[in-house]
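A.B. asks: when you get a sec, could you give me coordinates for this:
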Amino acid sequence: MELELRHLKVIRAIAEAGSLTRAATALGLAQPALSAQLRRIERTLGGALFERGRNGVRATPLGELVLERTRIVLPAVRELQQEAARFARTRRQAERLRIGGTHGPLLGALVDRLAGAAPTTTVTTRASWSERELADLLADGRLDFALAGTCGSAAPPGAPHLAWQEIAVDPVFVMLAEDHPLALGREADLAALADEEWACVPGDGCFADCFTAACARAGFTPRRMYETDTASCVHLVQVGRAVGLCRATFPPTPGLTTRPLAGTPLMWRHLLGWHPGSQQPDTAATLLTQARTAHARAAARSDSYTNWLARRGDPDTALR
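C.D. replies: Alright, predicted model coming up:
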C-alpha cells in the first residue's frame, strides 16, 4: 500500500482526538474499521505510530516524526488547492467577458475588436436603454464592463461605486432625410429646425433636458419628440416624419444624411465602466484601449464627422 494524503489526515485525527474511538466518531467511521486502517498505515511506514493505553493513545517517536510532517504537508496541500481554485476562477473570467451597452454602433465595434484581439474569449452582450440599469448590473457583478454615456459633463451613473473612464467626446448631430432642405449644407442651425418634429432613442440621463434647454436658447420649444429604437428613428427620418438626434459616429445609412449642429450646442461623452473590485487593472486597460480604437474607426467612417473635425482644425480629436 502506498501512503496517501487521506492516511495523513487519519493520523492527525487520531492524534488530535487522543483515542481511536473519538477519532472514529470525528471521521465518521466504525472504530474497528479505523483500527484496521491504522494497522495498514503502520505496516506501510514500518512501525507503530501510537501506543495504546487505558487512557487513549500517545504518539510513538515514529508517530511524532510523521505528525511533524503532516503539520507541513497538509497545510501546503490545502494552500495549493485554494490557489488552484483562485487560478481557475481567474482563468474562467479571462475567457469570458460580459459587456453591456446602450444603443449605438460602439458596442458592436468593440465586440468586433475583441474578436480579433482575443479570439479565445467568449463575449456576451446585453443592451439596455438605461444607463442606471447598466450601472446596477455592474455593481451586482452581472456585467464585467459597460459602455454608457452622459450628456456634456454630467456625472456617470453609479459614480461613487464604479470606475468610469472616458472613451471619447462627440458632438451631437442631426439626422436628415437626404432631400431635406438643410441636407446639402455643412451644418444645420438649430433655430432653422424649429418647426420640425424630432426622433431620438430613449434614456434616463439628462439629455432630454439638455436638448430642451438648447432649443430654448435657439428661441423655440421643440414639437413632438418620438422616443423609440434606432431603426424606428431612421425610418421616421427617411420618410420625412421627423429630424433625428444622433451621435456623430452614426454610420452611413441609405436615405438620410447626418449634419453637425451649428455652434455645437450638445455634446455626448462615451464612457467605459466597471466595478474596480471585480476586474484586473490590465483587463480594464485593454478594454479601454479597444473601445477607443473602435470609436476612432467608427468616427473615420463618418464623412460628416471627419469634415467637421477638419473644419475645426483638430483632425485627431476622434482618435483620442
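A.B. asks: show me where pLDDT drops low in the stretch 1-150 of the chain?
C.D. replies: When residues are selected by pLDDT under 70, those of the stretch 1-150 of the chain lie in 85-94, 103-104.
A.B. asks: beyond the helix ranked longest in the chain, next helix or strand please.
C.D. replies: In the chain, ranked by residue count with DSSP state H as the criterion, the top helix is helix 61-94. Counting by DSSP states H and E, the element after helix 61-94 in chain order, helix or strand, is strand 96-101.
A.B. asks: other residues contacting the very next helix or strand once past that following strand?
C.D. replies: Per DSSP H and E, the first helix or strand lying C-terminal to strand 96-101 is helix 106-117. Residues from elsewhere that reach helix 106-117 (CB atoms under 8 Å, 6 or more residues apart in numbering): 97, 99, 101, 121, 123, 125, 127, 147, 167, 249, 270, 286-287, 290-291, 293-295, 297-298. Where C-beta positions appear, they are placed from N, C-alpha and C, glycine not excepted.
A.B. asks: again, but for stretch 244-258
C.D. replies: With CB under 8 Å, 6+ apart as the criterion, stretch 244-258 contacts 104-106, 170-178, 180, 183, 198-200, 211, 233-234, 236-238, 260, 266, 268, 295, 298-299, 301-305, 308.
A.B. asks: quote the end-to-end distance of it.
C.D. replies: One end of stretch 244-258 sits 9 Å from the other (CA to CA, to the nearest Å).
A.B. asks: pLDDT (mean, whole number) over that stretch?
C.D. replies: Regarding stretch 244-258, the rounded mean pLDDT is 92.
A.B. asks: repeat for stretch 170-184
C.D. replies: 95.
A.B. asks: quick one: terminal-to-terminal distance for that stretch?
C.D. replies: 22 Å.
A.B. asks: all helices of the chain, in order?
C.D. replies: All helices of the chain, identified by DSSP H, fall at 5-17, 20-27, 31-45, 61-94, 106-117, 131-139, 207-217, 230-238, 281-300, 303-312.
A.B. asks: quick one: contacts for the residue nearest to residue 203 when sequence neighbours are not counted?
C.D. replies: In this structure, residue 203 finds its nearest non-sequential neighbour in residue 129, 5.9 Å apart by CB to CB, 6 or more residues apart in numbering. Residue 129 makes contacts with 102, 103, 201, 202, 203, 204, as judged by CB under 8 Å, 6+ apart.
A.B. asks: quick check: of those residues, which has the highest neighbour count?
C.D. replies: residue 102 (22 neighbours; other CB atoms under 10 Å).
A.B. asks: could you pull up the residues touching the residue lying closest to it once chain neighbours are set aside?
C.D. replies: Nearest non-adjacent residue to residue 102, counting by CB to CB, 6+ apart: residue 148, 5.7 Å away. Residue 148 makes contact with 101, 102, 131, 134, 135, 156, 157, 164, 271, 273, according to CB under 8 Å, 6+ apart.
A.B. asks: again, only using 7 Å
C.D. replies: By CB atoms under 7 Å, 6 or more residues apart in numbering, the residues touching residue 148 are 102, 131, 134, 156, 157, 271, 273.
A.B. asks: now do residue 177
C.D. replies: For residue 177, the contacting residues are 183, 237, 238, 240, 255, 256, by CB under 7 Å, 6+ apart.
A.B. asks: same thing but at 8 Å, please
C.D. replies: Applying CB under 8 Å, 6+ apart, the residues contacting residue 177 are 183, 237, 238, 239, 240, 255, 256.
A.B. asks: which residue packs closest to it, ignoring adjacent ones?
C.D. replies: With CB to CB, 6+ apart, the residue lying closest to residue 177 is residue 240, at 5.1 Å.
A.B. asks: what separation is there between the one you found and residue 178?
C.D. replies: For residue 240, the distance to residue 178 equals 10 Å [CB to CB, to the nearest Å].
A.B. asks: same question for residue 202.
C.D. replies: Distance, residue 202 to residue 178, by CB to CB: 26 Å.
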